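Enquirer: fold the following and give me the result.
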Amino acid sequence: MKIVTQILLIIIAAGTLTIDAQTFRLKRPVKNNIQINGSYLYGEPSLANPALAHRGIDIAISYDTVFSASSGTVYFVGYDPNNVVGGYEPNGCGNYIFIKSNWQSKNLYLLYCHLTKPLVLQNQSVAEGTPIAISGNTGYSTGPHLHFELRMNSASYSTTRSRRNPELWIGMDGMGAIYGEVPNAPNSTRVDISPDPKPRPPYTTYGYSLTYNFNDPYIGSDDIYAENYAIGDVKPGTYTITALGGAYTRTVTVQSGEVVNADISTDVEQKISSVRNFELFQNYPNPFNPGTNISF
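Expert: So this is what the prediction gives:
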């Protein structure tokens, strides 16, 4: 006896999912109206050694409160270079703090540099938004600011490809961010965006971005985004991004709070139908010989 089955999916309800937008993962570690230095961004050639890269972002905060960007534990409080412990930051950070946090079951270490005065103690638990320090101008610094750095999996200074771009993790209220990958781009390739994406004021320094300087062995891309450039604190709107003389051109729309991939169209939503129920129908013919159809 042969039974022939015919599959019939009955879709009771469907949902809509936009798959190309993420959100910021951390709280901004300074007051909302303080800009990131747009002329010295993550992955750009280091001012101290252009063969290497800037491994974090500089935030233009002058002797004001610094907040914990994440809940976690104060992993280290110290001063560089006089009492470096464990090789965490032998690179001119002055007074600095590490907060140990967690992201997707991975250890995430948040580094705050050039502080005037720490307000927390080692091994202390802190909640997101807790005041942890007063910013300053200690260490290798040309003026008061906060150097903010993210290290994935290890706090050690010497762990390769451990840094992540903080502009894809934090943002001003009401702003978004854009990331992408310029294929085969040389290090420090210029990436332009039009129209002007920044809220002015407070932004005064941003003109364009650069692809990351991967000659520096410590510079890494995001674990999910795999980008080689990023543009943070972007006003909601639609933008054109160009590089390599127009060989790379992308149009992208950003909403408040979104972190958007420029290499995926943002004007098309992907409809994903989800099956909410199944139904089994009467077989036919019935009785049967030698076969029947069963629909479900």
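
Enquirer: who's in contact with the residue nearest to S221 when sequence neighbours are not counted?
Expert: Leaving aside its chain neighbours, S221 sits nearest to E227 (5.5 Å; criterion: Cβ to Cβ, 6 or more residues apart in numbering). (Glycine included, C-beta is placed from N, CA and C.) Residues near E227 by Cβ atoms under 8 Å, 6 or more residues apart in numbering: N165, L168, Y179, G180, E181, S221.

Enquirer: for the last one, list the residues it contacts.
Expert: So the one you mean is S221. R164, N165, Y212, E227, N228.

Enquirer: mind listing residues that contact stretch 102-110?
Expert: Contact with stretch 102-110 is made by 25-26, 29, 68-70, 72, 75, 98-101, 148-155, 223, as judged by Cβ under 8 Å, 6+ apart.

Enquirer: equivalent analysis for stretch 46-53, please.
Expert: So stretch 46-53 is contacted by 40, 42-45, 54, 92, 140, 212-216, 218-219 (Cβ under 8 Å, 6+ apart).

Enquirer: from those, which shows the smallest pLDDT?
Expert: Here the lowest pLDDT out of these sits on G92, with 83.

Enquirer: do I have it right that it meets Y140?
Expert: Yes - counting by Cβ atoms under 8 Å, G92 touches Y140, with 2.6 Å between them.

Enquirer: picking up where we left off before, so which of the contacts of S221 are in helices?
Expert: Under the assignment DSSP state H, the contacts of S221 contribute nothing to helices.

Enquirer: out of those, who's nearest T238?
Expert: E227 (19.6 Å; Cβ to Cβ).

Enquirer: buried stuff in the stretch of helix or strand Y109 belongs to?
Expert: Per DSSP states H and E, Y109 falls inside strand 106-118. Going by neighbour count (16 or more other Cβ atoms under 10 Å), the buried part of strand 106-118 is L108, Y109, L110, L111, Y112, C113, H114, L115, T116, P118.

Enquirer: who's in contact with the fifth one?
Expert: Neighbouring residues of Y112 by Cβ under 8 Å, 6+ apart: P29, V66, Y96, I97, F98, I99, I132, A133, L146, H147, F148.

Enquirer: recalculate using a threshold of 7 Å.
Expert: Going by Cβ atoms under 7 Å, 6 or more residues apart in numbering, Y112 touches P29, V66, Y96, I97, I132, A133, L146, F148.

Enquirer: same question, the fourth one
Expert: For L111, the contact set (Cβ under 7 Å, 6+ apart) comprises G56, E89, Y96, F98, E149, R151.

Enquirer: so which of these sit within strands?
Expert: Residues of these located in strands (DSSP state E): Y96, F98, E149, R151.

Enquirer: ranking by neighbours, what's the top pick from the residues you listed?
Expert: Greatest neighbour count in those, by other Cβ atoms under 10 Å, goes to Y96: 26 neighbours.

Enquirer: chain neighbours aside, what residue packs nearest to that one?
Expert: Spatial nearest neighbour of Y96, excluding adjacent residues (Cβ to Cβ, 6+ apart): C113 at 4.7 Å.

Enquirer: looking at the contacts of Y112, which one is closest to Y79?
Expert: Among the contacts of Y112, and counting by Cβ to Cβ, the member closest to Y79 is Y96, at 7.4 Å.

Enquirer: re earlier: how about the contacts of S221 in JSON lines, adding distance to Y284?
Expert: Formatted as JSON lines, the contacts of S221 follow (distance: Cβ to Cβ, whole Å):
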{"residue": "R164", "distance to Y284": "60"}
{"residue": "N165", "distance to Y284": "61"}
{"residue": "Y212", "distance to Y284": "63"}
{"residue": "E227", "distance to Y284": "56"}
{"residue": "N228", "distance to Y284": "59"}
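
Enquirer: mind checking which of the residues you listed land in strands?
Expert: Those of the contacts of S221 lying in strands (DSSP E): R164.
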